[in-house]
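**Q** sequence and predicted structure, then a few things I'm wondering about:
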Amino acid sequence: NLISEISSKCLHNLLLSEETIHQNNESPFISTHMRSPKVREFLYSILFLLLVAGYLASYLSL
């Protein structure tokens, strides 16, 4: 349950940071770095693994 809460916060923070990066182009290095498909795929795979780990932890604790 704690891991799923942490992973949902990570997902929320990632979405918020991606929104702010797209809204203001003050830091072009970060925005081009985030637009790289490999970096985005890596971040989403980490979030997916965190969600799966949170689900398994909550399932096994029951």
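**A** Cool, got the structure.

**Q** hey, where'd the strands end up in this protein?
**A** For the chain, no strands turn up when DSSP state E is the criterion.

**Q** where does it have low pLDDT?
**A** Screening the chain residue by residue with the criterion pLDDT under 70, one finds the ranges 1, 3-4, 7, 10, 14-36, 62.

**Q** 80 instead, please
**A** Low-confidence regions of the chain, defined by pLDDT under 80, span residues 1-40, 61-62.

**Q** now for residue 48, how many residues are close by?
**A** 12 (other C-beta atoms under 10 Å). Using the backbone N, CA and C atoms, a C-beta is placed for each residue, glycine as well.

**Q** residue 54: neighbouring residues, count only.
**A** The burial count assigned to residue 54 is 18, neighbours taken as other C-beta under 10 Å.

**Q** my guess is it meets residue 6, correct?
**A** Yes. At 7.4 Å, residue 54 and residue 6 qualify as touching, with contact defined as C-beta atoms under 8 Å.

**Q** contacts only, for residue 52.
**A** Contact criterion C-beta atoms under 8 Å, 6 or more residues apart in numbering gives no residues in contact with residue 52.

**Q** all helices of the protein, in order?
**A** For the chain, helices defined by DSSP state H occupy the ranges 2-23, 28-35, 37-60.

**Q** mind listing what's buried in the longest one?
**A** Taking 16 or more other C-beta atoms under 10 Å as the neighbour-count basis, helix 37-60 is seen to contain the buried residues 50-51, 54.

**Q** from these, pick the one nearest residue 43.
**A** Minimum distance to residue 43 across these is 10.7 Å, recorded for residue 50 (C-beta to C-beta).

**Q** go ahead and confirm the closest one touches residue 5.
**A** No. Between residue 50 and residue 5 no contact is recorded; they are 10.5 Å apart, counting by C-beta under 8 Å.

**Q** how near is residue 58 to residue 42?
**A** Look at residue 58 and residue 42: by C-beta to C-beta, to the nearest Å, they are 25 Å apart.

**Q** same check, this time on residue 61
**A** When distances are taken as C-beta to C-beta, residue 61 and residue 42 turn out to be 29 Å apart.

**Q** same check, this time on residue 13
**A** Taking C-beta to C-beta as the criterion, residue 13 is separated from residue 42 by 16 Å.
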